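Visitor: Return atomic coordinates for the entry below.
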Amino acid sequence: WNARTLVTLWGPERSMLHEYSYRLWGGLVSSFYFERWTLWFKGLVDSIEQHSPFDQQKFDLDIQDFEVSWTRNVSKPFPAVPTDASQVIGLARDILARHFPQ
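Guide: Numbers count the residues shown, from 1 in each chain. Have a look, this model is predicted:
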């Protein structure tokens with residue numbers, strides 16, 4: 001719990017330090033930030049379909065509830081090494097070759 005809170009929320013529930021320790025480490029994008037973006041898009045689509053203003057206050061509370069729940073879900077540990085290092089290495093080589101050709 002402490003490690004998950006440290007790399008995402010950085011403080012207690014409803015803290016003013018929200019995202020002070022923002023990280024894009026492996027696993028956080030797919031399990032944490034993707035879910036947050038999904039909640040935002042859902043709220044945006046709902047407000048458009050209902051012809052009503054986006055409810056920022058409700059969104060903030062929903063996000064905070066999700067984040068607290070996520071930090072307490074220790075049943076899914078993150079791997080210490082990439083599951084397929086060859087893909088990561090290949091991608092890094094492709095990016096390097098594209099942006100820094102020899």
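Visitor: Let's see the pLDDT reported for the most centrally placed residue in the chain.
Guide: The residue lying closest to the centre of the chain (CA atoms, centre = their mean) is residue 33, at 1.7 Å. Note on residue 33: pLDDT of 88.
Visitor: what's the helix or strand of the chain with the lowest mean pLDDT packed up against?
Guide: Using mean pLDDT, DSSP states H and E, helix 2-6 stands out as the lowest-scoring helix or strand of the chain, at a mean of 73. Contacts defined by 3 or more CB pairs under 8 Å, 6 or more residues apart in numbering; DSSP states H and E place helix 2-6 against helix 56-72. To be clear about C-beta, it is placed using only N, CA and C from the backbone, and glycine gets the same treatment.
Visitor: Surely the residue nearest to the centre of the chain touches residue 26?
Guide: No: applying CB atoms under 8 Å, one finds residue 33 not in contact with residue 26, separated by 12.0 Å.
Visitor: now residue 7: how far from residue 60?
Guide: Applying CB to CB, to the nearest Å, the value for residue 7 to residue 60 is 20 Å.
Visitor: of these two, who's got more company?
Guide: Between residue 7 and residue 60, residue 7 has the larger neighbour count (other CB atoms under 10 Å), namely 17 against 12.
Visitor: isn't the more buried one right up against residue 27?
Guide: No: applying CB under 8 Å as the test, residue 7 and residue 27 come out as separate, 10.1 Å apart.
Visitor: How are the helices of this structure distributed by residue range?
Guide: 2-6, 28, 34-49, 56-72, 85-99 (DSSP state H).
Visitor: ok, residue 34 - contacts?
Guide: When contacts are counted by CB atoms under 8 Å, 6 or more residues apart in numbering, residue 34 touches no other residue.
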